[in-house]
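Engineer: only geometry, no sequence info:
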């Protein structure tokens, strides 16, 4: 029944909160679907909105391993799927010189699972119980690597020429993240559920701050979040993400700031390095601008 | 283009069972999304049914969230989904939604612009027949000079976008350009002298028969890095003589080179990449038609480039991106704003090329305020007003990309 499903969604939302992840109800519904259908979930959004944290929270929630593949430009299949342990193979060849078996038999011996180094993708499909596989910043790889992923994400199997097809013992929970620096192919998108992750609104960000840094007083937390929300409205090259908010709140607490007011402007200025991370953005947050933002908090 | 749910419902015979009704419902919704530019396939219909059965159909919120996760695959789709869901599933609110030039959703009435509609070739709107006093040129563009701040409320006629003769000629030129682009070696590639690395798996396999001695080395080629091209086309009134030529160029370039991103700008910026890539030329025209409001209007180059920096630069600009701005530099906005936008852009890209159609004249001097503001940040300023001059310019563009 639908009402039961809503109950499931609310329940998952609460359990995620217990594991330190604050999610909207709609996001919880998507995660519920991901868990039930074991379909990969593509998370898209600006850097710093908490996409990677979703996978970590899911792994904590399911009490399972988190296997992470950090994508980068030039990542190839060998680094992501598997590699042969060449040194050991060469050593084995030397040892097999005295062996009278025919070459194909020796070759089969050398290219056996014993000499296989599992990289994150192979590790993920051969691990039980099902782990959470985080394929982080998929947009940093190229189209060729995306094509490798297609087989894995549709059938959860991969081909190793020397060993044959390896099928997943149990389907992993797959989370892909993208900052949108490159357009991901339609084929890959079609295999995934999709969730766009935006910067958090005031209430959600406040809840996250209170959850992650319980020491911060309620009023101060509200003022800090208000300040960050205002900074995000500015014309910045890189808007502060959630991680920056948490760093900045921690920095202010260390500097002994107890309220966002005119008296604390100096210390706020000192702490801005934790909030804005480019030279132009720091230059834009001049003292008069900060004073104005403080006055509005 | 504006087909919708009402008409689809009329065509289909009434379902005979509950199951059929459900299939019709979700197939209809998939079709509705497809009409509104969503990338929805037939397998998504089956998956929608599965999700509806799994998550239940009585709680509209859970159904909405679940279908959104399944049927959206891009941020633009994500933002529009709720409205489309309401329009389809909430019967009293069934309305037509079409993409606006800003990429968002706008509600419009189905056929209120009878005077503007040109039904002969399925082109809904046309400046040529619009009777607004604009002089129509044979290639579908409108003539006019000078920059203004005013946004045009008119739409352009894209019937001539796919003129075969010119498309073939441009295609031949761009094919040569694309081939040479493939051959470009970036500095990083030149440093990696031979551009190849040892293929260890192959080498080990071959060495088995020689007792493990890797006498015969296997090689594999390194992945080659290609430049990304971002085209920013000025389609304001002063550029109307050249706009269609450059749009054809962009269409051919998008088809030939994989990493090309195209935007048009006048008083604001509009992404036309998806429309240009559409393999169906007529559908491409219709999609451009919807995006073309403001065509041949005023010019705010600085504002438009600033909008690009704000909304797209993070995604598109990196150390291998070549930005090509096509504009005559007549800007009704503040030169300081243009200068600031170009400075920001130049910092983030590999090179900035400015193609000014007027620069191919012998007596050309970059005297306009816009050009003066742009010059310090431009790696190459070249003139290209037609195919012949473009062919002269392309080698220069290639040399800047290297």
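Structural biologist: Now that the structure is in, tell me what you want to look at. Predicted, not measured: the structure shown is a model, and the values here were computed from it.
Engineer: for chain A, what are the nearby residues on the stretch 251-400 of chain B?
Structural biologist: Selection of the stretch 251-400 of chain B residues close to chain A by CB under 8 Å from any CB of the partner chain yields B:258, B:310, B:314-316, B:318, B:344. Every residue, glycine included, has its C-beta placed from N, CA and C.
Engineer: only whichever of those are buried, select them in ChimeraX.
Structural biologist: Typed into ChimeraX, the line below selects the buried ones among these, using 16 or more other CB atoms under 10 Å in any protein chain shown:
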select /B:314,316,344
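Engineer: can you redo the residues of the stretch 251-400 of chain B next to chain A as TSV with pLDDT and secondary structure?
Structural biologist: TSV is the format used below for these (pLDDT from 0 to 100; DSSP: H, G, I helix; E, B strand; the rest coil):
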residue	pLDDT	secondary structure
B:258	75	coil
B:310	82	helix
B:314	79	helix
B:315	78	helix
B:316	84	helix
B:318	80	coil
B:344	88	helix
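Engineer: okay, the residues of the stretch 251-400 of chain B next to chain A in a markdown table with distance to residue A:49 next?
Structural biologist: Shown next, in a markdown table, are those (distance: CB to CB, whole Å):
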| residue | distance to residue A:49 |
| --- | --- |
| B:258 | 28 |
| B:310 | 17 |
| B:314 | 13 |
| B:315 | 15 |
| B:316 | 19 |
| B:318 | 20 |
| B:344 | 23 |
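Engineer: nearest to chain A among the residues of the stretch 251-400 of chain B next to chain A?
Structural biologist: Using CB to the nearest CB, residue B:315 comes nearest to chain A of those, at 4.9 Å.
Engineer: give the contact list for the nearest residue to the closest one once chain neighbours are set aside.
Structural biologist: Excluding its sequence neighbours, the residue lying closest to residue B:315 (CB to CB, 6 or more residues apart in numbering or on different chains) is residue A:180, at 4.9 Å. Applying CB atoms under 8 Å, 6 or more residues apart in numbering or on different chains, we find residue A:180 in contact with A:44-46, A:139, B:75, B:314-315.
Engineer: pull out the buried residues from those residues.
Structural biologist: The neighbour-count test (16+ other CB under 10 Å) marks A:44-46, A:139, B:75, B:314 as buried among the contacts of residue A:180.
Engineer: so which of the residues you listed belong to strands?
Structural biologist: Per DSSP state E, strands hold the following members of the buried ones among the contacts of residue A:180: residue A:44.
Engineer: out of the buried ones among the contacts of residue A:180, which is nearest to residue B:305?
Structural biologist: Nearest to residue B:305 out of the buried ones among the contacts of residue A:180 is residue B:314 (CB to CB; 14.7 Å).
Engineer: pLDDT score assigned to the closest residue in space to that closest one that isn't next to it in sequence?
Structural biologist: Spatial nearest neighbour of residue B:314, excluding adjacent residues (CB to CB, 6+ apart): residue A:181 at 7.2 Å. For residue A:181, the pLDDT comes out at 73.
Engineer: also residue A:91?
Structural biologist: 87.
Engineer: ok, how many other residues are close to it?
Structural biologist: 13 (other CB atoms under 10 Å in any protein chain shown).
Engineer: so which strand or helix has it?
Structural biologist: Using DSSP states H and E, residue A:91 falls within helix A:86-95.
Engineer: go ahead and confirm residue B:89 touches residue B:61.
Structural biologist: No. At 11.5 Å, residue B:89 and residue B:61 do not qualify as touching, with contact defined as CB atoms under 8 Å.
Engineer: quick one: residue B:60 and residue B:51, what's the gap?
Structural biologist: 14 Å (CB to CB, to the nearest Å).
Engineer: and what of residue B:332?
Structural biologist: Counting by CB to CB, the gap from residue B:332 to residue B:51 is 51 Å.
Engineer: likewise for residue B:306?
Structural biologist: The spacing between residue B:306 and residue B:51, counted by CB to CB, is 41 Å.
Engineer: hmm, back to that, least confident of the buried ones among the contacts of residue A:180?
Structural biologist: Among the buried ones among the contacts of residue A:180, residue B:314 has the weakest pLDDT, 79.
Engineer: hang on, it packs against residue A:236?
Structural biologist: No. Look at residue B:314 against residue A:236 with CB under 8 Å: they stay out of range, at 11.0 Å.
Engineer: for chain B, what are the nearby residues on the stretch 1-150 of chain A?
Structural biologist: Residues of the stretch 1-150 of chain A lying near chain B (CB under 8 Å from any CB): A:1-6, A:9, A:25-26, A:29-30, A:33-34, A:36-37, A:41-42, A:44-46, A:74, A:76, A:84, A:86, A:89-90, A:93-94, A:97, A:103, A:106-107, A:110-111, A:142-144.
Engineer: in strands only, show me the residues you listed.
Structural biologist: Per DSSP E, the residues of the stretch 1-150 of chain A next to chain B map to strands at A:41-42, A:44, A:84.
Engineer: ok, so of the residues you listed, who is nearest residue B:247?
Structural biologist: residue A:44 (29.1 Å).
Engineer: thinking again about what came up before, and residue B:60 and residue B:51? Which one has more around it.
Structural biologist: Higher neighbour count among residue B:60 and residue B:51: residue B:51, with 25 against 13, using other CB under 10 Å.
Engineer: mind pulling up the pLDDT for the more buried one?
Structural biologist: 89.
Engineer: measure stretch A:254-263 end to end?
Structural biologist: With CA to CA, to the nearest Å as the measure, the first residue of stretch A:254-263 is 16 Å from its last.
Engineer: buried ones in it?
Structural biologist: A:257, A:260.
Engineer: start and end of stretch B:324-335, how far apart?
Structural biologist: 19 Å.
Engineer: go ahead and name everything in contact with the host helix or strand of residue B:371.
Structural biologist: Taking DSSP H and E as the criterion, residue B:371 maps to helix B:369-374. By CB under 8 Å, 6+ apart, the residues outside helix B:369-374 that reach it are B:147, B:301-302, B:325, B:327, B:329-331, B:335-336, B:338-339, B:342, B:354, B:356, B:366, B:381.
Engineer: for stretch A:219-239, same thing?
Structural biologist: Residues outside stretch A:219-239 that contact it (CB under 8 Å, 6+ apart): A:46-48, A:199, A:202, A:205-206, A:209-210, A:213, A:216, A:240, A:244-245, A:248-249, A:252, A:257-260, A:268, A:275-278, A:280-281, A:284-285, A:289, A:293-294, A:296-297, B:310, B:314, B:344.
Engineer: average pLDDT across it?
Structural biologist: 88.
Engineer: got it, and stretch B:54-72?
Structural biologist: Averaged across stretch B:54-72, the pLDDT comes to 89.
Engineer: can you name the next helix or strand after the least confident helix or strand in chain B by mean pLDDT?
Structural biologist: In chain B, the helix or strand scored least confidently by mean pLDDT, DSSP states H and E is strand B:105-107, which has a mean of 36. Sequence-wise, the next helix or strand downstream of strand B:105-107 (DSSP H and E) is helix B:164-183.
Engineer: per-residue pLDDT, residue 117?
Structural biologist: If you meant another chain, say so; for now it's chain A. pLDDT, residue A:117: 91.
Engineer: look at chain B instead
Structural biologist: 32.
Engineer: now swap in the one 5 residues further on and tell me
Structural biologist: Model confidence at residue B:122, expressed as pLDDT, equals 27.
Engineer: again, but for residue B:162
Structural biologist: For residue B:162, pLDDT reads 55.
Engineer: related to what we said a few turns ago, buried ones among the contacts of stretch A:219-239?
Structural biologist: Here, 16+ other CB under 10 Å leaves A:46-48, A:199, A:205-206, A:209-210, A:216, A:240, A:244-245, A:248-249, A:252, A:257, A:260, A:268, A:275-277, A:281, A:285, A:293-294, A:297, B:314, B:344 buried among these.
Engineer: give me the neighbour count for residue A:43.
Structural biologist: Neighbourhood size, residue A:43 [other CB under 10 Å]: 26.
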